[in-house]
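[1] Give me coordinates for this.
(chains A and B)
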Number of protein chains: 2
Amino acid sequence: MSIKVTYFDITALGEPIRYLLTYGNEKFDDVRIERSKWPELKPSMPFGQMPTYEEDGKVAHQSLAICRYLAKKYKIAGADDWEALEIDSIVDTVNDFRQKIAAYHYEQDEAVKEAKKGPLFKETIPYYLEKFEKIAKDNDGHLAVKKLTWADLYFAGLLSYLNMMANMDLLEGKPSLQAVRDNVFNLPAIKAWNDAHKQ
Amino acid sequence: MSIKVTYFDITALGEPIRYLLTYGNEKFDDVRIERSKWPELKPSMPFGQMPTYEEDGKVAHQSLAICRYLAKKYKIAGADDWEALEIDSIVDTVNDFRQKIAAYHYEQDEAVKEAKKGPLFKETIPYYLEKFEKIAKDNDGHLAVKKLTWADLYFAGLLSYLNMMANMDLLEGKPSLQAVRDNVFNLPAIKAWNDAHKQ
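    Numbering: from 1, shown residues only, chains lettered A, B, ... in the order given. Modelled structure (predicted):
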C-alpha cells in the first residue's frame, strides 16, 4: 500500500497523523510543503487546506477524520461504539481547546489580541487543563477508556504546537497529563520518530 | 433503553442529534433548558456545554461524536472504514463552515463584526457553498458516498441555524444542496418531526 501525508514542515495538525502512522509501523511518504510553494498549491487542495492523506491514490482531508481512520486500522479506536464515542468526544474537546488558543495566537489586530489574552490565560486555559487533568487521572494516564487510544496520540502529537501558540508549558504542574504525554512519547516507535525529528 | 437529549429550546447543535434519533425511530426524552436556568446548570455540564446525550444513565457530550455514535447504530455511517472517513471529513468541513459563520454572528464588537462581514459573505461563504454544491451534485443529492448518511442528516439538521446566523437562504441557487436537504426532509420520520416542531 502506498501512503502519502502532505502538510507543511511543522508539527501542528500534521503530527498526529504522522504519529498514528508511525504507531502503526506504516511506511509513508512524509511530504512537507515549503511556505513559498503554498499559494500555488492551495487551490488544488480539498477546501484549500492541508494536511491531506493519500492511500493508493485516493485522497482524504480533515486531520481528525484521517486520525480516526488510522486508529481503527491500528485498533486504538475503542473496543465498542460507546468507547469510540468517549474517545471522539475528548478528541473534539482537545480540538476545541486548540481552536481557542489559536483564536488568540493568530489574531492579527493587536488590540483585539490583547483583549483576548486575559480571558484565555486566566479562564479558558486553566478551565480546560483542570478538567483534562482530572480525566487523565481518572483514566490512569490516558484521556479515555483507561488505555492507550488515538486520543492520547492526538493530544501528544498536538502538544508542541499548543505550547508554541500559548507560549508556555501547558502541562506544568499537571502530572496526569504529563503521564498521558509520556505514555505516548515512550512508545518505542514514537520515541524513535521524535528522536529523528527533533525540532 | 432510556435515552435523553439535553439542549436549549432551539435547533442549532441539538437538532442533528434529534434528527438522528428520529431517523432511528427511537423514543427519547427531548429535554429543553430555558436560558434563564442555564447559568445554574452550566457547571454541571461536561466542559460547561450542551448538548448532552444520556443512555441508560451514561452521559456523553460533543454533538458530532454523539451523531456519529447514533449513525453507527442506525447503519448510516458508511459501509467500510474509508466510507466512514469520507463522511467524517465532509461533516468536519460543514462544521468548519458553521464556525466561520458563527465567528461573525456572535462577534460582540460591532467594528470587528463589520470587518468580518465582507470576507465572510464575499469569499468564505461562496467558496464553501460552491464546493459543497459540486460534492452534492457528484454524490447524487448526498454529501458523501452517493447515498443517505449522517452527513446529510447533520447538514439538514443544522441548516435553519446556519441560515439564521448568516441571515440569508444559503441554498438559494444551489439545486444539488437543496436535494440533499429535501432527501432528508422527505424521510417520513423527519417530515413528521419537522411538522410537529414548526418554528
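
[2] Would you mind checking which helix or strand in chain A has the lowest mean pLDDT?
    helix A:110-118 (a mean of 94; mean pLDDT, DSSP states H and E).

[3] For that helix, buried residues please.
    Across helix A:110-118, burial judged by 16 or more other Cβ atoms under 10 Å in any protein chain shown covers A:V112, A:K116. Where C-beta positions appear, they are placed from N, C-alpha and C, glycine not excepted.

[4] Report all helices and strands that the following helix or strand past it contacts.
    Beyond helix A:110-118 on the C-terminal side, the first helix or strand identified by DSSP states H and E is helix A:125-138. If contacts are counted by 3 or more Cβ pairs under 8 Å, 6 or more residues apart in numbering or on different chains; DSSP states H and E, helix A:125-138 sits against helix A:81-105, helix A:175-185.

[5] does the helix or strand where A:M164 lies come close to chain B?
    If you go by DSSP H and E, A:M164 is part of helix A:150-166. No: remark: helix A:150-166 sits outside contact range of chain B, by Cβ under 8 Å from any Cβ of the partner chain, the gap being at least 11.1 Å.

[6] now do stretch A:109-121
    Yes: Stretch A:109-121 reaches chain B (Cβ under 8 Å from any Cβ) through A:D109, A:V112.

[7] Need the contact partners of that stretch.
    A:K100, A:I101, A:A103, A:Y104, A:E107, A:A166, B:D109, B:V112 (Cβ atoms under 8 Å, 6 or more residues apart in numbering or on different chains).

[8] Please apply the same query to stretch A:71-78.
    A:20, A:23-24, A:68, A:84-87, A:144-145, A:148-150, A:153, B:81, B:84.

[9] What residues sit buried inside stretch A:192-199?
    Buried residues in stretch A:192-199 (16+ other Cβ under 10 Å): A:W193, A:N194.

[10] ok, residues contacting that stretch?
    Outside stretch A:192-199, the residues that touch it by Cβ under 8 Å, 6+ apart are A:T11, A:R18, A:Y19, A:T22, A:S160, A:F185.

[11] which SSE is the closest residue to the fourth one other than its chain neighbours in?
    Looking back up the chat, that one is A:T22. Distance criterion Cβ to Cβ, 6 or more residues apart in numbering or on different chains; nearest residue to A:T22, sequence neighbours excluded, is A:W193 at 4.5 Å. Secondary structure from DSSP H and E places A:W193 in helix A:188-196.

[12] From the chain's centroid, how far away is that helix?
    16 Å (Cα atoms, centre = their mean, to the nearest Å).
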